[in-house]
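Colleague: Need coordinates for the below:
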Amino acid sequence: MNKRKLAAGTVFTALSAVLAIVGFVFYFINSNTAYFSSVGKSAVVIGTIVIALVCDMCYILLTKDSNPAWSDALPIVSIVCLWIGTLSFIASRIAGIASIMTFEMNEQNMADLKSAIIGMVLLLVSAIVMVVGNFFDTRKEA
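Modeller: Presented below is the predicted three-dimensional model:
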């Protein structure tokens, strides 16, 4: 029986991608809520997170069997894009969050705020997991 053992770097990269996908879903949920729908969807947030996810998937697939030298740039691009997307998401919502917490606190706005905070936290954790994952190998040597 041939069990495939995953290296820690692969596990961290995959975990980061899953967290980013879930955070991205919460971004879209939040963009369609009553309070934040006027802010809309940012091309920067969408583009950078999509680029980060594509880099994560390519990195996992490329380093599974071989490790081309240029593939080492993929996690760096992923991290930078993930941080840019996350910080852009936070920046686009920070004024609304402050307004809700001070002047416009009601049940609907608090529910809208909850999806924003969940998305932000998931994307932040995803970026941190990706940074930590870069300190580990993606291939186990036999």
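Colleague: So which residue is dead centre in the protein?
Modeller: Among the residues of the chain, the one closest to the centroid is A20, at 2.9 Å (C-alpha atoms, centre = their mean).
Colleague: ok, that one to V77 distance?
Modeller: 14 Å (C-beta to C-beta, to the nearest Å). In short, each C-beta sits where N, CA and C put it, glycine included.
Colleague: do the same with L6
Modeller: Applying C-beta to C-beta to L6 and V77 gives a distance of 22 Å.
Colleague: Look at T138 and say how many residues are nearby.
Modeller: Neighbour count of T138, defined by other C-beta atoms under 10 Å: 23.
Colleague: Tell me, please, the helix or strand in this protein that averages the lowest pLDDT.
Modeller: helix 43-65 (a mean of 88; mean pLDDT, DSSP states H and E).
Colleague: Which residues does it contact?
Modeller: Applying C-beta atoms under 8 Å, 6 or more residues apart in numbering, the contact partners of helix 43-65 are 9-10, 13-14, 16-17, 20-21, 23-24, 27, 68, 71, 74-75, 77-79, 81-82, 84-85, 88-89, 92, 123, 130, 138-139.
Colleague: picking that back up, compare L6 and V77 and say which is more crowded by neighbours.
Modeller: Using other C-beta under 10 Å as the criterion, L6 and V77 rank with V77 on top: 17 against 13.
Colleague: list the helices and strands the host helix or strand of that one packs on?
Modeller: Assessed by DSSP states H and E, V77 sits inside helix 73-102. Packing partners of helix 73-102 (3 or more C-beta pairs under 8 Å, 6 or more residues apart in numbering; DSSP states H and E): helix 8-31, helix 43-65, helix 107-133.
Colleague: 6 Å instead, please
Modeller: On a contact count with 3 or more C-beta pairs under 6 Å, 6 or more residues apart in numbering; DSSP states H and E, helix 73-102 meets helix 43-65, helix 107-133.
Colleague: Out of those, the one nearest F36 is which?
Modeller: helix 107-133 (5.7 Å; C-beta to C-beta).
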